[in-house]
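K.L.:
after the sequence you'll find the predicted model.
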Protein chains: 2
Amino acid sequence: MPESLSTDASTDLYHAMSTLRAVRRLRPDPIPQEVMERILQAACWAPTGGNMQPWRVIVATDPIIKQGLADIYRPEWEKYLVGFRKRLEAMPEDDQAQWEKVITSGDYLADNLHEAPAILVFCANPKMMAITDAKLDRISMVGGGSVYPAVQNLMLACVAEGLGCTITTLHCLREDAVMSLLNVPDGWATVAMVPIGYPVGKGHGPITRLPPTEMAFENTFGQAWTV
Amino acid sequence: MPESLSTDASTDLYHAMSTLRAVRRLRPDPIPQEVMERILQAACWAPTGGNMQPWRVIVATDPIIKQGLADIYRPEWEKYLVGFRKRLEAMPEDDQAQWEKVITSGDYLADNLHEAPAILVFCANPKMMAITDAKLDRISMVGGGSVYPAVQNLMLACVAEGLGCTITTLHCLREDAVMSLLNVPDGWATVAMVPIGYPVGKGHGPITRLPPTEMAFENTFGQAWTV
């Protein structure tokens, strides 16, 4: 481990995982370079098919670049919200109230994205991957297996470092504009945008997820896994 | 956190990440149910788009099911190896020697897969996802963003619990056979197969990865990120 990565801080793995929630309200305060190095190193450690590391990450800190990303993101968020609000009407009232909070924080992110101290854009190159589900009669997902583990490592590292973060993919709806703004070469894809910064509020904390008894099966699909 | 998840063991996040390597030689010894619960819980904690958790995991422990998975996997590994050996010939000798070790452990996995105490098959449902890159003129990857973070969480938890593991996707080349064997309903996909078990050798340990100075860019693609 490079010397700059030695730190007295030790974060328990399960604690980081169980408190990684979307943090969308970020302060503009800059992120020290040694902190940035640690979260980028965490991403680099992630496994990839054939150890090809077929991804790169662009750390956007320049105000003009960040403004450009925000200008691409905001209209896509607004369009997404129109459809989401329609689905929301069909939900139980309690769920609606919960999602209204998410919408408010999503609006905050869309309005303030350019002020995040860093926006990370993960790029991936499918030509560096063996995508085993490419020819199936369904949408391919396996390419993501060599980049989202790196994104997840980075976000867990953000928890360890006290940085808020959230993963967004709406920018893909205008990937051409993103690639042009960031000079991403043809053949690459932009698969995640992760704004990071110190949180305005409490930051990461309790999460609501279905447990193993709902998510896991025993031997065949649909057969309950029990403790 | 359920009582069964309280444990004295604390694993440093960065330690787990920096030692998560492919462990392909696994002992047949069974995995205690409380250990299995903790690694499954780790997977459940992962973020997903719209918190939909659009994945499920099948824990295969039945000898007949595991043998079926091994019978699907082995011929695909052998076919993969033919192409891989051709690419290997073009590599520098040092790299060849390194990859020969990987091939040997890959052969071991293919020959002994049915003896792993558990083989986890992650399934994902694209109809439960908003896949923002579905209509682009490139292969889609964003669907993986709502399942591989869970796979990564599970594999990091394996490190914490002393379990060896590796992620494989070759089974996708015969996804129809896998779905039939595991009764996976139409509309679902099988995006990762993770055999787990206590390691024959040292298990997880040092890894070789490109560092942030090679993997990260500043503001635009190709512009070096420096510490």
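P.N.:
Yes, it's here.

K.L.:
quick one: the helices in chain A?
P.N.:
Taking DSSP state H, the helices of chain A run over residues A:13-19, A:33-44, A:63-88, A:93-112, A:148-161, A:175-181, A:212-215.

K.L.:
anything in the first one near chain B?
P.N.:
Yes. For helix A:13-19, a contact with chain B is found by CB under 8 Å from any CB of the partner chain, at A:13-14, A:16-18. Bear in mind the C-beta positions are built from the backbone N, C-alpha and C, glycine included.

K.L.:
name the nearest residue to the single nearest residue of chain A relative to chain B, ignoring sequence neighbours.
P.N.:
With CB to the nearest CB as the measure, A:Gly144 is the residue of chain A nearest to chain B, at 1.8 Å. Among residues not flanking A:Gly144 along the chain, B:Gly144 sits closest, at 1.8 Å (CB to CB, 6 or more residues apart in numbering or on different chains).

K.L.:
that older thread, make TSV from the residues of helix A:13-19 next to chain B and add neighbour count and pLDDT to it.
P.N.:
Below are the residues of helix A:13-19 next to chain B laid out as TSV (neighbours: other CB atoms under 10 Å in any protein chain shown; pLDDT from 0 to 100):
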residue	neighbour count	pLDDT
A:Leu13	24	97
A:Tyr14	24	97
A:Ala16	23	97
A:Met17	28	98
A:Ser18	22	97
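
K.L.:
ok, the closest residue to A:Val184 other than its chain neighbours - contacts?
P.N.:
Distances taken as CB to CB, 6+ apart put B:Phe221 closest to A:Val184, at 4.6 Å, once the chain neighbours are dropped. B:Phe221 makes contact with A:56, A:58, A:123, A:182-185, A:188, according to CB atoms under 8 Å, 6 or more residues apart in numbering or on different chains.

K.L.:
related to what we said a few turns ago, B:Arg174: which of the helices of chain A is closest?
P.N.:
Closest to B:Arg174 of the helices of chain A, according to CB to CB: helix A:148-161, at 23.7 Å.

K.L.:
tell me the contacts of the spatially most central residue of chain A?
P.N.:
Most central in chain A under CA atoms, centre = their mean is A:Ile167, positioned 2.1 Å from the mean C-alpha point. Residues counted as contacts of A:Ile167 (CB under 8 Å, 6+ apart) are A:22, A:151, A:155, A:192-194, B:47, B:145.

K.L.:
how far away is it from B:Cys44?
P.N.:
17 Å (CB to CB, to the nearest Å).

K.L.:
what's the answer for A:Ala124, then?
P.N.:
Separation of A:Ala124 from B:Cys44 (CB to CB) stands at 25 Å.

K.L.:
other SSEs contacting the lengthiest strand in chain A?
P.N.:
Criterion DSSP state E: the longest strand present in chain A is strand A:189-197. Here strand A:189-197 touches strand A:118-124, helix A:148-161, strand A:164-165, helix A:175-181, going by 3 or more CB pairs under 8 Å, 6 or more residues apart in numbering or on different chains; DSSP states H and E.

K.L.:
quick check: which ranges of chain A have low pLDDT?
P.N.:
Along chain A, segments meeting pLDDT under 70 span A:1-9.

K.L.:
ok, 90 please
P.N.:
A:1-11, A:87, A:94-95, A:227 (pLDDT under 90).

K.L.:
wait, A:Ser18 touches B:Ala43, no?
P.N.:
No. If you go by CB atoms under 8 Å, A:Ser18 and B:Ala43 don't touch, sitting 11.8 Å apart.

K.L.:
gap between A:Val142 and B:Gly106?
P.N.:
18 Å.

K.L.:
okay, those two: which has more neighbours?
P.N.:
Higher neighbour count among A:Val142 and B:Gly106: A:Val142, with 25 against 20, using other CB atoms under 10 Å in any protein chain shown.
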